[in-house]
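> The following comprises the amino acid sequence and a computationally predicted model.
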Amino acid sequence: EDKVVQSPLSLVVHEGDTVTLNCSYEVTNFRSLLWYKQEKKAPTFLFMLTSSGIEKKSGRLSSILDKKELFSILNITATQTGDSAVYLCAVGSGTSYGKLTFGQGTILTVHP
Amino acid sequence: NAGVTQTPKFQVLKTGQSMTLQCAQDMNHNSMYWYRQDPGMGLRLIYYSASEGTTDKGEVPNGYNVSRLNKREFSLRLESAAPSQTSVYFCASSETGPGGDTQYFGPGTRLTVL
């Protein structure tokens, strides 16, 4: 059974702090790893990673994948209150595109 | 472009009642999905449709049926609602092939079954 585990489950920081969110996985026929941000409503796409060691960046957010050790991290630097959200990790696996297994999510709260 | 839309936003049902959740997308995607989200459990796939006219079970299909009405619309039906189906339901869509893992989500339907 495919499994995706995120840590920590929740995190409280102050504006300006840097945070690292973790996602580890055990799946058959790994295809991709995705990060989503969920603020109250729909999850919104952040990154998709398929190759080990290549960092994806978007502003203050960055992510990297380690396919040997089966994990990914999402870094957020200089956090802002608008970064408060649930961050979801999902792994695409198997022979069918679109089959994703989601982790439980990390609840990030950024205080002013 | 509206993206993925869902109706209704909220619904309260009594045990045994039936209802249909509606989903539509205007991104010309072939693949569509229904998920449920429960506290501490992440998103779990209920059913998906790789293309118009096809549907397949996901991880938690029991108690649900789906209809892929056309390329744009994918509905989820609860025939006899149970309290265990209290959840937030999300519809998503994606391209087929290598783009299929990047899914775009609707705003969700919060369903309470009493």
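Here it is on my side, so go on.

> For chain A, what's the nearest residue on chain B?
Minimum separation of chain B from chain A (C-beta to the nearest C-beta) falls at B:Gly100, amounting to 3.2 Å. Bear in mind the C-beta positions are built from the backbone N, C-alpha and C, glycine included.

> Could you verify that that residue is part of a helix?
Yes. Counting by DSSP: H, G, I helix; E, B strand; the rest coil, B:Gly100 is part of a helix.

> check contacts around it.
Counting by C-beta atoms under 8 Å, 6 or more residues apart in numbering or on different chains, B:Gly100 makes contact with A:92, A:96-98, B:31, B:94.

> next one: B:Arg68
Going by C-beta under 8 Å, 6+ apart, B:Arg68 touches B:32, B:49, B:52-55, B:74.

> Would you show me how to pick out the buried ones of those in PyMOL?
Buried subset of the contacts of B:Arg68, written as a PyMOL selection, criterion 16 or more other C-beta atoms under 10 Å in any protein chain shown:
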select buried, chain B and resi 32+49+55+74
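
> Pick the one among the contacts of B:Arg68 closest to A:Asp17.
Nearest to A:Asp17, judged by C-beta to C-beta, of those is B:Met32 at 38.6 Å.

> sorry, back to before: report the buried members of the contacts of B:Gly100.
So, by 16+ other C-beta under 10 Å, the buried ones in those are A:92, A:97-98, B:31, B:94.

> Narrow the residues you listed to those in strands?
A:92, B:31, B:94 (DSSP state E).

> so what's A:Phe30 bridging to?
Legend: beta-bridge partners of A:Phe30 under DSSP bridges are A:Ser93.

> Run a quick check on it versus A:Lys67, I expect a contact.
Yes. A:Phe30 lies in contact with A:Lys67 (C-beta atoms under 8 Å); the separation is 6.8 Å.

> The residue of chain B positioned farthest from its centre - nearest residue in space that isn't next to it in sequence?
Computed with C-alpha atoms, centre = their mean, the residue of chain B farthest from its C-alpha average is B:Pro98, at 21.6 Å. The shortest distance from B:Pro98 to any non-neighbouring residue, by C-beta to C-beta, 6 or more residues apart in numbering or on different chains, is to A:Tyr97 (6.4 Å).
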